[in-house]
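Participant: build me a model:
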Amino acid sequence: MKYYLIAGERSGDLHGANLIKGIKENDPQAQFRGWGGDMMQTNGMDLVTHYQETAFMGFLEVALNIHKISGFLKKCKGDILAHRPDVLILIDYPGFNLRIAAFAKTQGLKVFYYISPKVWAWNQKRAWKIKANVDHMFVIFPFEIDFYKKYDYHVDYVGNPLMDAIEDFKPDPDFKENNHLDSIKPIIALLPGSRRQEIIGMLDLMLTVQPHFPGYQFVIAGVKNLSADLYQKYLSSQNAAIVFEATYDLLHVAEAALVTSGTATLETALLNVPEVVCYKTSGFSYAVAKRLIRVPFISLVNLIMGEEVVRELIQVELNKEQLVGELGAILIGGKKREEQLNNYTRLHQLVGGAGASERAGRLMVGYLMDERR
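Facilitator: Numbers count the residues shown, from 1 in each chain. All right, here's what the predicted structure looks like:
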């Protein structure tokens, strides 16, 4: 069968790649085409457009790039119609994918959604659109089952695909040596995000704490889909180190981490690294988001746990003084470190084990086969 996948960011590329593996296990003749990234392409997908071209973050940036986004939507719709897949599989990325879902439904195409948009966080009425346009939704958080029940919409809970990636992870025993890191100094990992806008907005702030922790080395988790030049000023002026495409290896050897809000906050916790969550956007985007958000936390860790397990520093709270205090509290000997690690044990129990990608792939192929009979 022919599968058309759409992922619009780095985490979606990771989950899309693992989903492709899960589908192949149940449909060895599967053909894949779509929008995503290097990982999906490596696993056999014919890549139409890379997510680095389509990643716009925040209400203001989306508004400023509305004509470009409209062009991408037109291109995507045309490509879908030209190839007429057996199913369209949308992976998170709601601003784009919900529009594509509505279009695909008008064309009589089968629509699956893997990793629900966070409609429970804001603009909950979008759940009605999902019910109208998505044939099957595959969710990764247990609380999403009850949320969609309020809309009389049955969803399939498959578990969290991050556990697949984490279980597959094999630490590099020579990681420090291979990346020319100090073998003695403990590491504080900096995860500023995977978008240009995030890097520019976060790294300057994160590195303001460096003079207060002279016994540590600060190492940035870099991504290769962005130009290396973007990171250069931080390496030369701030005496920081960088590793590319090795975030899990970096976290494996880190004592603590400063992490931009997003999927990385959950990955860091599942790898048992104490963290401080950082988030800052334009004043306009923040003002809009504050009016719309319907959940008490921004990090997935706290949302899953239902309480503040990791400290979230948002907007004006994200400053040097707060960062220094919160980071010091989660380093070895810090007053919050053991409590955070103990809470991570409960987090692991709630998230569950590996196998989400295979379960989702099996269900998807099963639904398509049943409809062919």
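Participant: can we go C-alpha only for contacts and neighbour counts from here?
Facilitator: Will do.
Participant: all strands of this structure, in order?
Facilitator: 2-7, 31-36, 45-50, 87-91, 111-114, 136-139, 156-157, 187-191, 217-222, 241-244, 254-260, 275-279, 311-314 (DSSP state E).
Participant: Asn342: which of those is closest?
Facilitator: Of all the strands of the chain, strand 275-279 sits nearest to Asn342, with 13.3 Å by C-alpha to C-alpha.
Participant: other SSEs contacting that closest one?
Facilitator: strand 254-260, helix 263-270, strand 311-314, helix 320-330 (3 or more C-alpha pairs under 8 Å, 6 or more residues apart in numbering; DSSP states H and E).
Participant: and the ones you listed as TSV, adding distance to Met369 and mean neighbour count?
Facilitator: Shown next, in TSV, are the helices and strands packed on strand 275-279 (distance: least, C-alpha to C-alpha, whole Å; neighbours: other C-alpha atoms under 10 Å):
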stretch	distance to Met369	mean neighbour count
strand 254-260	41	24
helix 263-270	32	22
strand 311-314	45	20
helix 320-330	50	18
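Participant: any chance of CSV for the ones you listed, columns distance to Gly215 and mean pLDDT?
Facilitator: Converted to CSV, these look like this (distance: least, C-alpha to C-alpha, whole Å; pLDDT from 0 to 100):
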stretch, distance to Gly215, mean pLDDT
strand 254-260, 12, 97
helix 263-270, 22, 94
strand 311-314, 23, 94
helix 320-330, 12, 97
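Participant: Leu207 is nearest to which of those?
Facilitator: That would be, of the helices and strands packed on strand 275-279 and by C-alpha to C-alpha, helix 320-330, which comes in at 8.8 Å.
Participant: in CSV, please show the C-alpha coordinates belonging to that closest one.
Facilitator: Taking C-alpha atoms only, helix 320-330 is exported to CSV below (Å, rounded to 0.1, in the frame of the first residue of the first chain):
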residue,chain,number,x,y,z
LYS,A,320,20.0,35.0,34.8
GLU,A,321,19.1,35.1,38.5
GLN,A,322,16.3,32.5,38.2
LEU,A,323,18.4,30.3,36.0
VAL,A,324,21.4,30.3,38.4
GLY,A,325,19.2,29.5,41.3
GLU,A,326,17.2,26.7,39.7
LEU,A,327,20.2,25.1,38.0
GLY,A,328,22.2,25.1,41.3
ALA,A,329,19.2,23.4,42.9
ILE,A,330,19.4,20.4,40.6
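Participant: how about low-confidence regions in the stretch 101-250 of the chain?
Facilitator: For the stretch 101-250 of the chain, the stretches with pLDDT under 70 are 121-122, 236-238.
Participant: ranges for the helices of it?
Facilitator: Secondary structure of the stretch 101-250 of the chain, counting by DSSP state H, counting those that start in this stretch: helices at 126-133, 143-149, 162-168, 175-178, 196-206, 229-238, 247-253.
Participant: return the most buried member of those.
Facilitator: Among the helices of the stretch 101-250 of the chain, helix 247-253 has the highest mean neighbour count (mean count of other C-alpha atoms under 10 Å), at a mean of 21.
Participant: follow-up on the earlier one: Glu321 is nearest to which of the helices of the stretch 101-250 of the chain?
Facilitator: Here helix 196-206 is closest among these (C-alpha to C-alpha), at 10.6 Å.
Participant: what's the angle from the closest one to strand 217-222?
Facilitator: Orientation check (axes from the mean of the first three to the mean of the last three C-alpha atoms, to 10 degrees): helix 196-206 against strand 217-222 gives 170 degrees.
Participant: related to what we said a few turns ago, adding distance to Ile166, write the helices and strands packed on strand 275-279 out as CSV.
Facilitator: Shown next, in CSV, are the helices and strands packed on strand 275-279 (distance: least, C-alpha to C-alpha, whole Å):
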stretch, distance to Ile166
strand 254-260, 16
helix 263-270, 8
strand 311-314, 23
helix 320-330, 22
